[in-house]
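Q: Provided below for reference: sequence and predicted model.
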Amino acid sequence: MKNSKYLDLLAQKYDSEEKVATEIINLEAILNLPKGTEHFVSDLHGEYQAFQHVLRNGSGNVKVKIRDLFKDELQEDELNEFATLVYYPEEKLQLIKSHFSSKKELRDWYIEVIERLLKLVSYASSKYTRSKLRKALPKQFVYIIEELLYKTDEFTNKKDYYAKMLEQIISLGQVDKLIIGLAYTTQRLTVDHLHVVGDIYDRGPDPHKIMDTLIGYHSVDIQWGNHDVLWLGAYSGSKVCLANIIRICARYNNLDIIEDVYGINLRPLLNLAEQYYDDNPAFRPKRISDEKLTEQEQLQITKIHQAISIIQFKLESPIIKRRSCFDMTDRLLLEKVDYAKNEATIHGKTYALQNTCFATIDPEQPDRLLDEEQQVIDKLLFSIQHSEKLARHMKFLMKKGSLYLQYNGNLLIHGCIPLEENGDMKKMDIEGESYAGRELLDVFEQYTRYAFAHPEETDDFATDMVWYQWTGENSSLFGKREMTTFERYFIQDKETHKERKNPYYHLREDEEMCRKMLAEFDLNPEHGRIINGHTPVKEIDGEDPVKANGKMIVIDGGFSKAYQSTTGIAGYTLLYNSYGMQLVAHQLFNSKEEVLQNGTDVLSIKRLVDEELQRKKVRETNIGEELLQEISSLNSLRKHRYME
Ligand SMILES: O=P(O)(O)OC[C@H]1O[C@](O)(COP(=O)(O)O)[C@@H](O)[C@@H]1O
Ligand SMILES: [Mn+2]
C-alpha cells in the first residue's frame, strides 16, 4: 500500500470516490492523446530578432497549419499576409488597417479574419485537451472565445447571438486585442515545449531580451552552453569569468549589455584603459552590427578591450597554479614571454609577438595585478553581483537549466562527452577521485550549483571549476585542448590559433559510439538520439547535421551573425511531434521589418529525420510517465479509502 500520509494529502483534494474516478478517467484519456510538439534551438548568441522569428513561426509550423486549412480559399500572397499577422499581430494589424478606406471594409475584414483565426486555433488545439487550450487563451477573452469556438449551430437558433457577439466586440473597441490574443494562442499551441540547447549569451547584441522571452515562455528547459556558464561563473564570483564576459562584449562591440542593460558602471575600467593603452589593431571591436561607431568610440572600446584582456590573462595564472588537476600549466603564457625581445615560447617553439600591450606587466611577476587593476575587477564584481536584472536572468538559467538533459528518450547536450581517441570516456581526477562520462558531467554540474549558491566565495575550488568548464581540456562544454585567445591576439602564425577538438567530434560520426554514449546516460540506444549544439555545421562545405545514421543531430547552424559566413545558413532548429522529427534549415533572416512589409517568410527547408511508425502518444513521453504514477496513486486511494 502507498504511503498513508501521502494518501491523506491526496484525499484532501479528491474527497469522494467520484472525484477520484473522474481524475483517473481524465488522465487515462490524456495518455492517449498524441505527444505535444517539441521545438529545439541552440547557439542563439544574443540574436533576439532571429530567435523571435523562429519562435513565432514555430520553425515553419504555423505556416504549415495555415496552408492545410486555407490553401483552397487563399492565394499565396494572402496566405503569407495572414501568416505574418499571426507572427507579428500588433505591427501587422497597424499596417493592414492603414490600407482600408471605409469603416465597412474594415469591419468585413475583421469578421473574416476572426473567423479564420478561430478555425486556426481550433485546428492547432485539436490534439490537446480543452483545459490546455483554455490556459493558452488570452485571459480576458476566454469566455467569448470558447463560445465562438464551440458554437454548434445545427438548428441556427443562435445565428443572431454569434453575429451580435462579433459586432459588439468590434463596436466596443476590443477587436484588435482579440486578434492579437488569438494570434499568440496559435503560436503557443503550435509548440508545446521548447528546448534551448545552450549558448544564449555572447557575440550578439540582445541576450537579455532572449532571457526575458524565455522567462515568459509557457514551457522551456535549457542546456547550458559554455558561454552561459561563463556568465553564471561571473555572477557566482569568478573574477576571471567576469573578465572574459567583458572582454567578449568589448570584442563584439556589445558593452551596452554590461553598462545599460545590467547597469554595471564601466567608468573605473575606462579610466584604467585610458591611462595605459592606446590604439591597437588586434583589439579593435568586430563590427557586425549595423551601428556605426565614431573614431572616438572605437578607440575607447579598443583600450577597454586591452585593459580587460590583460586582467583576464593575469587572473588565469594563480588558478592554474593552485589547481594542478586542471593540468593547464601550458597556459601560463605570461610567463612564457620574453618581455625584452617581445617573443614567446609556446610548446617549444619561439614566436615573435605583435600588437602587444604589456604596459601593466612586471616581467618579474607577470601575473601580479596593479592595485588599480585589482580595484577595477573588485568593483566590477561587486556591481555584477548586485545587478537585479542579472540576478533574475541567472536565477532563471539555474532553475531551468542543467548541463545535460534526458528528455523523451533523447540526450540533449550543448558541447560533448569528453572521449579518448579509442572511444573510452575520458577520465579526470578531481580532488582525489577519478570521474568520466556521465559521472564527470554530474560533478561539473554540482560544482556549478555550489558556486552559484555561494557567490561570496570567489577563489574556492567550485568557482574555479566553473571557469575550468569554459576553457579546460576535459570540459564537456569546451571540448577542445586549449583556448588560444592569447595567440590570436599576439601571434601571427595561424597554426598557433588552432584549437584541437576532443576526439568526440569525429567519433560522434559513428553510430556504435553514439549508442554507447546514450547507454552511458541510461537511454535506450535503439530509439534515443543525441541532440548537440556548439560547433557550427558548415553546410557551405557539405557538412551534414544528421550524423551516425540519425543517432546524432547537430543543430548549431549559425544564428550568430559572426559565424554565418562559415555555415552558409542562419541556423537549424528541430521539431519533434507525434509523427517524428524534422530538421529545419533557416535562410538568412534580415529583419522583422522586411517580413512585415513583404510578407515574405524566411525560407525554411524542412528535412525529415525520422518518421514514427505509429503516432507517438503522451503515454510514451516523460510527462506520460508522471501521469502514470499519478494514476497509480489515485488507484491506491480509490482502493484503500473508498472501496474498503
Ligand atoms: O570567435 P571568437 O570571438 O574569437 O571566439 C573564439 C572562441 O570562442 C570559442 O569558439 C567558444 O565559443 P563557441 O562555444 O561559440 O564555439 C572558443 O573555442 C574560441 O576560442
Ligand atoms: Mn558553445
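A: All right, it came through fine. In this text, all values refer to a predicted model and were calculated from it rather than measured experimentally. Ligands and ions are numbered 1, 2, ... in the order given.
Q: quick one: classify the closest residue to L380 other than its chain neighbours as helix, strand or coil.
A: Ranked by C-beta to C-beta, 6 or more residues apart in numbering and with sequence neighbours excluded, the top spatial neighbour of L380 is L242, at 6.0 Å. No exception for glycine: its C-beta is placed from N, CA and C like everyone else's. Look at L242: counting by DSSP: H, G, I helix; E, B strand; the rest coil, its state is helix.
Q: quick one, what contacts L242?
A: By C-beta atoms under 8 Å, 6 or more residues apart in numbering, the residues touching L242 are 233-234, 377, 380-381, 384.
Q: in helices, which of the residues you listed fall?
A: 233-234, 377, 380-381, 384 (DSSP state H).
Q: out of those, the closest to ligand 1 would be?
A: Looking at the ones in helices among the contacts of L242 and their distance to ligand 1, the nearest is G233, at 14.1 Å (C-beta to the nearest ligand atom).
Q: my read: V20 touches R638, true?
A: Yes: using C-beta atoms under 8 Å, V20 is in contact with R638, at 4.8 Å.
Q: on that earlier part again, quick one: which of the contacts of L242 is most hemmed in?
A: The most crowded member of these, judged by other C-beta atoms under 10 Å, is G233 (27 neighbours).
Q: what pLDDT, on average, does the longest helix along the chain get?
A: Counting residues, the longest helix found in the chain (DSSP H) is helix 295-322. Summarised as a single mean, pLDDT over helix 295-322 is 97.
Q: same check, this time on stretch 138-145
A: For stretch 138-145, the mean confidence score works out to 92.
Q: show residues contacting that stretch.
A: 118, 121, 134, 137, 165, 169, 174, 177-178, 180-182, 184-185.
Q: what about 6 Å?
A: 137, 178, 181 (C-beta atoms under 6 Å, 6 or more residues apart in numbering).
Q: can I get those in TSV including neighbour count, secondary structure and distance to ligand 1?
A: Below are these laid out as TSV (neighbours: other C-beta atoms under 10 Å; DSSP: H, G, I helix; E, B strand; the rest coil; distance: C-beta to the nearest ligand atom, whole Å):
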residue	neighbour count	secondary structure	distance to ligand 1
L137	22	coil	39
L178	22	helix	42
G181	22	helix	37
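Q: count of residues packed around the residue in the chain positioned nearest to ligand 2?
A: As assessed by C-beta to the ion, ligand 2 sits closest to H534 within the chain, at 3.9 Å. By the criterion of other C-beta under 10 Å, H534 has 24 neighbours.
Q: what does S59 give?
A: 27.
Q: before we move on, what SS does it have?
A: Applying three-state DSSP: S59 is helix.
Q: which parts of the stretch 351-500 of the chain sit against ligand 1?
A: Those residues of the stretch 351-500 of the chain that sit near ligand 1, judged by C-beta under 6 Å from any ligand atom, are 480, 483, 485, 499.
Q: count the residues that sit near the second one.
A: Yep, that's M483 we're talking about. M483: 19 surrounding residues under other C-beta under 10 Å.
Q: quick one, what contacts the residue of the stretch 501-644 of the chain found nearest ligand 1?
A: Here the stretch 501-644 of the chain gets closest to ligand 1 at one residue, H534, 5.4 Å apart by C-beta to the nearest ligand atom. By C-beta under 6 Å, 6+ apart, the contact list for H534 reads 414-415, 556.
Q: nearest to E512, of those?
A: G415 (21.0 Å; C-beta to C-beta).
Q: distance between stretch 406-418 and the chain's centre?
A: On the basis of C-alpha atoms, centre = their mean, to the nearest Å, stretch 406-418 sits 14 Å off its chain's mean C-alpha point.
Q: hmm, that stretch touching ligand 2?
A: No: Stretch 406-418 does not reach ligand 2 (C-beta under 5 Å from the ion); its nearest approach is 5.9 Å.
Q: hmm, back to that, looking at V20 and R638 now, which is surrounded by more residues?
A: Neighbours per residue, other C-beta under 10 Å: of V20 and R638, the larger number sits with V20, 23 against 16.
Q: and the lowest mean pLDDT element among the helices and strands of the chain?
A: strand 604-611 (a mean of 71; mean pLDDT, DSSP states H and E).
Q: give the other helices and strands that the next helix-or-strand element following that strand contacts.
A: Using DSSP states H and E, the next helix or strand after strand 604-611 towards the C-terminus is helix 622-637. Taking 3 or more C-beta pairs under 6 Å, 6 or more residues apart in numbering; DSSP states H and E as contact, the helices and strands that helix 622-637 lies on are helix 17-31.
Q: give me the contact list for the helix it packs on.
A: 14, 618-619, 624, 627, 631, 634, 637-638, 642.
Q: buried residues, it. List them.
A: 20, 23-24, 27, 30-31 (16 or more other C-beta atoms under 10 Å).
Q: check contacts around the residue positioned nearest the centre of the chain.
A: Nearest to the mean C-alpha position of the chain, counting by C-alpha atoms, centre = their mean, stands V196 at 3.4 Å. Residues near V196 by C-beta under 6 Å, 6+ apart: 41, 222.
Q: which bits of the stretch 501-644 of the chain sit near ligand 2?
A: H534.
Q: quick one: the strands in the stretch 501-644 of the chain, in order.
A: 530-532, 546-547, 552-554, 572-577, 580-586, 604-611 (DSSP state E, counting those that start in this stretch).
Q: mind listing what's buried in stretch 204-214?
A: 204-214.
Q: and those, which two are the farthest apart?
A: Greatest spacing in those, by C-beta to C-beta: P205 and L214 (16.7 Å).
Q: low-confidence regions, the chain specifically.
A: Applying pLDDT under 70 to the chain flags residues 1-2, 152-157, 288-291, 568-569, 600-605, 644.
Q: which positions in it make contact with ligand 1?
A: That would be 199, 226-227, 251, 480, 483, 485, 499, 534, which are the residues of the chain within reach of ligand 1 (C-beta under 6 Å from any ligand atom).
Q: and the residues you listed, which are buried?
A: The buried subset of the residues of the chain next to ligand 1 - by 16+ other C-beta under 10 Å - is 199, 226-227, 251, 480, 483, 485, 534.
Q: among these, name the ones in helices.
A: Per DSSP H, those map to helices at 226-227, 251, 485.
Q: of those residues, which is the nearest to ligand 1?
A: Relative to ligand 1, the closest of those is N226; by C-beta to the nearest ligand atom it sits at 4.7 Å.
Q: the closest one touches L477, doesn't it?
A: Yes: counting by C-beta atoms under 6 Å, N226 touches L477, with 3.9 Å between them.
Q: gap between stretch 552-570 and the chain center?
A: 14 Å.
Q: near ligand 2, which residues of the stretch 51-200 of the chain?
A: D199.
Q: give me the nearest residue to whichever residue of the stretch 51-200 of the chain sits closest to ligand 1, chain neighbours excluded.
A: Taking C-beta to the nearest ligand atom as the measure, the stretch 51-200 of the chain has D199 as its residue closest to ligand 1, at 5.7 Å. What sits nearest to D199 in space, not counting adjacent residues and going by C-beta to C-beta, 6+ apart, is G225, at 3.2 Å.
Q: now do I310
A: I310 sits nearest to T360 (C-beta to C-beta, 6+ apart), 6.0 Å away.
Q: if I look at the one you found, how far off is G181?
A: For T360, the distance to G181 equals 57 Å [C-beta to C-beta, to the nearest Å].
Q: what does H39 give?
A: H39 is 21 Å from G181, by C-beta to C-beta.
Q: same deal with T621?
A: T621 is 29 Å from G181, by C-beta to C-beta.
Q: for R323, same thing?
A: From R323 to G181 the distance is 54 Å (C-beta to C-beta).
Q: kindly report the same for H527.
A: Taking C-beta to C-beta, one finds H527 at 38 Å from G181.
Q: count of neighbours near S98?
A: S98: 7 surrounding residues under other C-beta under 10 Å.
Q: use 301 as the first number from now on
A: Sure, I'll start counting at 301 from here, so that last one is S398.
Q: where does T656 land in three-state SS?
A: Per three-state DSSP, T656 ends up coil.
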